[in-house]
Each structure stands twice: as C-alpha cells, then as structure tokens.
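*Asks:* Next come a sequence and a model predicted from it.
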Amino acid sequence: MSNLIPLFVVIGLVLLFSAQDWRRSIQAVLVLVVLEGALRKWVLPQASQVIYFLKDFVLIGAYIRYFLLSSTQIQLFTKKSSILLLVGCTAFWAGVQALNPSLGSPIIGLFGIKSYFLYVPLIWLVPQMFETEEALYRFIRSYLLLLIPVGLLAIVQFFSPPTSPLNVYAWGEEGPAVVSSGLNTVRVTGTFSYLTGYSTYLLACLCLLLPVISRPQSRLWQVLTLTEGALIAATSFMTGSRGLVLGSVLLITGYGLLLALTSFSSFFSSTRKLFLPAIISFLVVSQGTQLAFNSFWKRVETANDNVVDRIINPFLQPFKIFHLKGLDGYGLGATFQANGIIRRAFQLPPGEVIPVYYENEMGRIALEVGPIGFFLWYGLRLLLLATLFQVCLKLRHPFLRQLAISIFVYQGVTFISQMVYNHTANVYHWFFYGFILLLPHLERVEQWQQAQQTNSMYGYQPHLSSTPNW
C-alpha cells in the first residue's frame, strides 16, 4: 500500500492543476496524445503504464472544473436532445454490460466504461473552448506545427536500422515490424507508442490541414502549411499502412466532391490553392522519399489479404457472432488488449473465453455489448454523422463550412476503423464531434461582428446574448 502513495499523490496533483482551467486542460490532452508515446518509450519507460492514463486524469480534472466548480450552460445539453437521449440509453446498457459476470470482475468493466465514454462529454465542452473563428483557426494552426518535429523524427526512424533505439514500441517491446518488402525498412511510429497511433494522428491532421490550406495566410504560414502537407504525404508511406493511404485518398476526394457540390466557388478557390502543395508533395514523395514509396508499394504487392474484404468484413462479422450470447454480450471491456496486464496487476480471475477471433472494431463491439448495445452504439455514431452533414449544409462562412465538410468526411471514412480501443482515435473522434455545436455558434458570432461593424456608424449596437443560442 505504501508503494501506491506516491502514485496517488501524483494523480491528485494532476487533477488539481488540470482543474484550474478546463479549456487549457483539453488543449493539453490533445498535445499529450502526440507526446505520450515519446514519454513512454524514451523518457520514463518504467512508468509506461501510468503515463498511458495521464491524459485521462488531465481530462477528468477538466470535467471536475467544468461540471462541479463552475457554472455550466445547461442549454448545451438540451439543444441536441436526441444525441443526449441516445448517449444516455447507450450508457445505461453499457453500465449493465460492465457488470456482466462473463468478465470475471467488474474492474474490467470499469476500464471498458473509460474506453467507451470518457471522451464523450467533449461534444458539449468543445463548443465553449473558442470564442471566435479566428481563435479556432489559430489553435488549429499552432497544433499542426507539432507535425514538423514529429514528421522529421519519423523520417529519421525510417532511415535508421530496426535495432535503433528510435525504433521501439512502448513497454519495452521490440521495434516496429520490418515491412515485408525485402528493403529492410521499418514502419515508423514517430512519437507514438505504436504504428496505429501515428497513422491515426496523420489522418486527423490531414483533416484539419485541408481547410487551412485554402484559407488566406501570411507567406510564413503558407510555407509552414506546405511543409506539414509534405510531411504527411512522405511519412504516410513510411508507415506502410494501406488503411492510412487509402483513407487519405478517400478523405481528399470526398472533401473535394462535397465542397464542389455545396459551393463551387469555394471548390475552385481551394483547388487553385491546393494545386501547388499537391505538386510539391508529390515531388517530395516520388523523389526525396522514393525508398518509402517503394517499400509501401512492395508491401501492397506482397500482402496476403484483400483490401475489399477488409472493408466488407467489418460489416458482416457482427451478424456472424450475435448467436454466441443471444441478446447478451461478453461484457464491456472484454476485448480490451490490456486485459492481461490489468488482471495480473489486480489479481483478477479470468473471464469467459471468447471462442472466436476478433480484430475489427464492429466485431469487438458486438462481442462486448451484444446486438442491443451494438445498434445503440452505432446508432449514436450514425446520428452524429447525420447531424454533422446537416451542419455542413447550413454553414455559409467559407472556412467553417470547409472545416465541417472535412470533419464529416473524416468521420465517414473512419467509421469502421478502431476507435474505442485506439485511444488516439478516441480523443480525436469526440473532439471533432464537438464541432457539431461549435461551428454554428462561431458563424453566429461572425455574423454578429459583421452586423456590429456595419451598424456602428449609425450609433446602433446589436445585442448578442451572453448565453449563445446553441
């Protein structure tokens, strides 16, 4: 017990500091997502498991500040009542499954609740993080700067041998698997603990970068944005991830098509501004990182599985396994990859053995919460996706509309990807869902500011309620 006292002290301090300013704490969580792996791999590998939960305690501190220590805007929760209702129904069923006897212990269910629902409140907190469109743009612009050191590190990793200290996973595991191309190249992870985290990060950054590229910027920021785009293009091939490259192509294509359908003038302007970055990125990949492209293409040619099957199987797998437990499941958290470590740490009994192989997110959700929970969970995801699409259609401000379109396409492209047990994707998904309420509010603020400027010459000041009409 005495060994746990320092840990509890650290947790208490993290909660105390993060509760000082919930907005900055959420921003800190987004930064920790990027730096967490570096801390686990190189700075404090002996505390890898504790650092894994660091961002969660920071976020809990932000929640304590927002919900308990400050006046909250309840109107946010009632404005999208359908979302709140479905979140409540899903959480209730998840709570039942967290107590499922098949888990062997409710502690496993507690970790399951964390994985499913810890980041959900971001839907209602994110809309209050930024007061103006300019503030949101400046945050995105600054956040994307992290791409430069992370991308440069990934390039160094790629040209380093597999035995290099740079090419390691968290928890002291061996380095990333050598791409099966015969070229003796590693699949880079950047500052992330594993390959999946870095791939998720690159796609999320591409989602934010597309609207930023077409926005008017100074020459310095244009160069920096161009550099970030080139690093995404180059290091995407260095990951050897076919899902990332395909997802990037679908994201760019879907973004362009929806932009053309909703506003052809914006599409034409964006295409003109994207043309040069696209050409330069292509030259960087084809000439500067030819080895990366060749390694990636060799892996595509030698892969044993079919890309089409990888897309279709996630939709079919749940219906093949519903019969295993009827309307029940194996319990929330039953397929969590760290269950073995948790059971050893807390000396928990083994849970019921799952008799089938599971990898896809949809299959894992179906196994854990059964058909009722499965349709509740993905019903919630579909509702959020549909609401995002409505936001895309209603927005008129160019940058905000382009951001909404990019996020909508991102959520659609990654719909079947790992999210619940990919903590990097989990943070980004729920942060982006918060834009459902954020973007319309920022457009109203922009309209009010324009009306204020127009009417000030006549001595009339338009009124903007202190409580936004979300």
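*Replies:* Happy to help now that I have it.
*Asks:* what's the spacing between L15 and V33?
*Replies:* Distance of L15 to V33, given as CB to CB, to the nearest Å: 19 Å. The way it works is simple: take the backbone N, C-alpha and C, and place the C-beta from them, glycine included.
*Asks:* hmm, I was thinking of E443
*Replies:* Per CB to CB, E443 is found 28 Å from V33.
*Asks:* So these two - more neighbours on which side?
*Replies:* Neighbours per residue (other CB atoms under 10 Å) separate E443 from V33, with V33 holding more: 24 against 20.
*Asks:* element containing that one?
*Replies:* For V33, the host element (DSSP states H and E) is helix 22-38.
*Asks:* residues of that helix that come out buried?
*Replies:* Residues of helix 22-38 classed as buried: 22, 25-30, 32-38 (neighbour count, 16 or more other CB atoms under 10 Å).
*Asks:* Any chance of the residues you listed in CSV with pLDDT and distance to G434 as columns?
*Replies:* Output for the buried residues of helix 22-38, formatted as CSV (pLDDT from 0 to 100; distance: CB to CB, whole Å):
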residue, pLDDT, distance to G434
W22, 94, 13
S25, 96, 15
I26, 97, 9
Q27, 97, 13
A28, 97, 16
V29, 97, 13
L30, 97, 12
L32, 97, 18
V33, 97, 15
V34, 97, 19
L35, 96, 22
E36, 95, 21
G37, 94, 24
A38, 95, 26
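*Asks:* wouldn't S18 be in contact with G61 here?
*Replies:* Yes. Counting by CB atoms under 8 Å, S18 does reach G61; the two are 2.9 Å apart.
*Asks:* Pull up the overlap in contacts between these two.
*Replies:* S25 (CB atoms under 8 Å, 6 or more residues apart in numbering).
*Asks:* How many residues are close by A338?
*Replies:* Look at A338: counted by other CB under 10 Å, it has 15 neighbours.
*Asks:* Which residue, neighbours along the chain excluded, lies closest to it?
*Replies:* Nearest non-adjacent residue to A338, counting by CB to CB, 6 or more residues apart in numbering: F111, 7.7 Å away.
*Asks:* Does that neighbour touch F336 like I think?
*Replies:* Yes. In this structure, F111 is within contact of F336 by CB under 8 Å, at 6.1 Å.
*Asks:* what about the longest helix along the chain, distance to the chain center?
*Replies:* Of all segments of type helix in the chain, defined using DSSP state H, the longest is helix 361-394. Chain-centre distance of helix 361-394: 16 Å, with CA atoms, centre = their mean, to the nearest Å.
*Asks:* do stretch 82-97 as well
*Replies:* 21 Å.
*Asks:* and it, which residues are buried?
*Replies:* For stretch 82-97, burial by neighbour count (16+ other CB under 10 Å) applies to I83, L86, V87, T90, A91, W93, A94, V96, Q97.
*Asks:* Now for the closest residue to the second one other than its chain neighbours: which residues touch it?
*Replies:* To tie it back to what came earlier, the one meant is L86. Spatially, and ignoring its direct neighbours in sequence, L86 is nearest to L380 (4.7 Å; CB to CB, 6+ apart). When contacts are counted by CB under 8 Å, 6+ apart, L380 touches I83, L86, V87, T90.
*Asks:* Check the spacing between the first one and S417 real quick.
*Replies:* To S417, I83 is 21 Å away according to CB to CB.
*Asks:* The last one too?
*Replies:* Here T90 is placed at a distance of 19 Å from S417 (CB to CB).
*Asks:* same check, this time on W377
*Replies:* Taking CB to CB as the measure, W377 falls 14 Å from S417.
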